[in-house]
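In: sequence? don't have it. structure:
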RNA sequence: GCUCCCGUAACUCAGUCUGGAUAGAGUGCCAGCCUUCUAAGCUGGAAGCCGCAGGUUCAAAUCCUGCCGGGAGCGCCA
């Protein structure tokens, strides 16, 4: 539509169709029209008042209107175009019906490896992980709808000091407790370890001893305990990922990269890319990236070197066109150092390795911390949200056999939507009270809107003739919003921004609810058309939500 | 000290990439709407030096510079 308007204008002025298309905007008020072209920019070259230019152009254009455009007018220096709403309605309904609705094929034939979530064993899976996981999964789905072949990859720290602390504390104070694949329990031991270590320096020596034993793998009992607790941690994630609707094609662990990381570091040193004083490091000061240490002075390997090894491994396992890592903001510099090092090492895929950082999740009062247990664990949070959802259903007498299943989907929608609606790079304030509210700009509101639409479609008895008599404003607004779906998907794809889709879904649902209140469907003269419109809304919202990794329900 | 991110209504955020018409939502607050398709809904209202100061421009929340405030990071944690 925009293109047609641009062509129309191009006949009258010197700008190209593409230039005009970029200038065309959507008027702020409904009554002003559907598209607008500002004439300010023409004032200089034409040496005329832009208001006069607008008036003149309208006179010329008015004579040549194509059938899609019902009227053209000017207001100030703006030329406003009114499109034919019946044609718009027909176009939108036809478009939504197509299987490939929403797809722009921007990633056709390309393969992309996306790494996200990255919880550590022996530690909490907290709301920060929920943000990263929701974000990664949503991006993966956006890549998929645009035609990419997507490989989802996870990477977990299963070695290092935090694990030594955990094992130390377990053996010393919790040995009688049975090992459990329970996130809350596992995180609790770690918090206890930190607390006990705070007041006693001798304890740290015991921990160091255990750390050496873990690394050397010579102590059978420690090995055994490490292996078992590691597995327990990993198992605790199965439940989380299945609830969140995420599955990974490959899960890498840090312990796999001890040797590879060492080798990579030594190799870089041999090639004179890395340097050595007491440690082996990359000097990246030239690039304003400081110094990046790869191996400690005692020769043990750091996560920097392991990340390089991981990059090679990913390419070996999955030869792709693009590699993306989704990580917390605090690791930004680390990944800049990684990408620069890969480039200097002539890593073949360095140019297509990128990372996306997301902001921390904080309490209104300040920072969260896994060390002292001042954070919100996934399992605690999700069961709390689940209970609120279930109570809500019961209060509205929406009981029934599958109440738990519906409550669970509502809870997940609430959690994921709240994580995705905000710009990823911004710090997120996590207010537990607000997280449990289901009204307004929330996941449950979206599911509710969807369920309402489904209910209408379900209740429709016989097929009525689709006849567009006269379109009311709420109908037009809804149609235009649906019409904009694929543009939003494209923008979300290009900017790695699921929040754009989340915001779109909310606005879409708002428009549907306005329509719902002012335009009766069943039994009305326009039943045929309105049913189609309701269904088009359902399809669009359903697709949008699925791009966010949110499942819909047919009934609340 | 240096680098990066943020600062928009009481609170949480859109809008900033790509400058345009009267700066928008949600929550909370006030006033209405359930004998009609699900009230987790809808309608209306109050509420803004868009952090501050300059600059560019016909036009700045949006671009540039400086400052202030908050957050994150900056050599052997991940």
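Out: Ah, there it is. Since the model is a prediction, treat every value here as computed from it, not as a measurement.
In: how about stretch A:479-498: buried residues?
Out: A:479-483, A:485-486, A:488-490, A:492-493, A:496-498 (16 or more other C-beta atoms under 10 Å). Where you see a C-beta, it was placed from the backbone N, CA and C, and this is true even at glycine.
In: and the strands in the stretch 151-300 of chain A, which stretches?
Out: Applying DSSP state E, counting those that start in this stretch to the stretch 151-300 of chain A gives strands spanning A:250-253, A:275-276, A:280-283, A:291-295.
In: give the burial count for residue A:157, as a bare number.
Out: By the criterion of other C-beta atoms under 10 Å, residue A:157 has 18 neighbours.
In: in space, what's closest to it - neighbours in sequence excluded?
Out: residue A:120 (4.0 Å; C-beta to C-beta, 6 or more residues apart in numbering).
In: picking that back up, which among the buried residues of stretch A:479-498 gets closest to residue A:60?
Out: Among the buried residues of stretch A:479-498, residue A:480 lies closest to residue A:60 (C-beta to C-beta), at 26.7 Å.
In: ok, the closest one - contacts?
Out: Contacts of residue A:480 were listed using C-beta atoms under 8 Å, 6 or more residues apart in numbering, and they are A:34, A:88.
In: do residue A:183 as well
Out: A:124, A:125, A:236, A:237, A:240, A:377, A:378, A:379.
In: rerun at 10 Å
Out: Taking C-beta atoms under 10 Å, 6 or more residues apart in numbering as the criterion, residue A:183 is in contact with A:119, A:123-126, A:232-233, A:235-237, A:239-240, A:377-380.
In: so which of those also contact RNA strand B?
Out: When C-beta under 7 Å from any atom of the strand is applied, no member of these is adjacent to RNA strand B.
In: weed out the non-buried ones from the residues you listed.
Out: A:119, A:123-126, A:232-233, A:236-237, A:240, A:377-380.
In: hang on, residue A:150 in a strand?
Out: Yes: judged by DSSP: H, G, I helix; E, B strand; the rest coil, residue A:150 forms part of a strand.
In: and residue A:194, how many residues sit next to it?
Out: 17.
In: in this structure it contacts residue A:204, no?
Out: No: here residue A:194 does not reach residue A:204: they are 11.3 Å apart, not a contact under C-beta atoms under 10 Å.
In: what residues are shared contacts of these two?
Out: residue A:165.
In: keep only those of the buried residues of stretch A:479-498 that are in helices.
Out: Among these, the ones falling in helices (DSSP state H) are A:479-483, A:485-486, A:488-490, A:492-493, A:498.
In: tell me the pLDDT of residue A:156.
Out: Listed pLDDT for residue A:156 reads 97.
In: relative to residue A:253, how far out is it?
Out: Noted for residue A:156: a distance of 5 Å to residue A:253, by C-beta to C-beta, to the nearest Å.
In: mind checking pLDDT for residue A:462?
Out: Value for residue A:462, per-residue pLDDT: 74.
In: SS state for it?
Out: Under three-state DSSP, residue A:462 comes out as coil.
In: repeat for the one 4 residues further on
Out: Secondary structure, three-state DSSP: residue A:466 is coil.
In: run through the residues that contact residue A:44.
Out: residue A:50.
In: hey, which helix is longest across chain A?
Out: The longest helix of chain A (DSSP H) is helix A:220-244.
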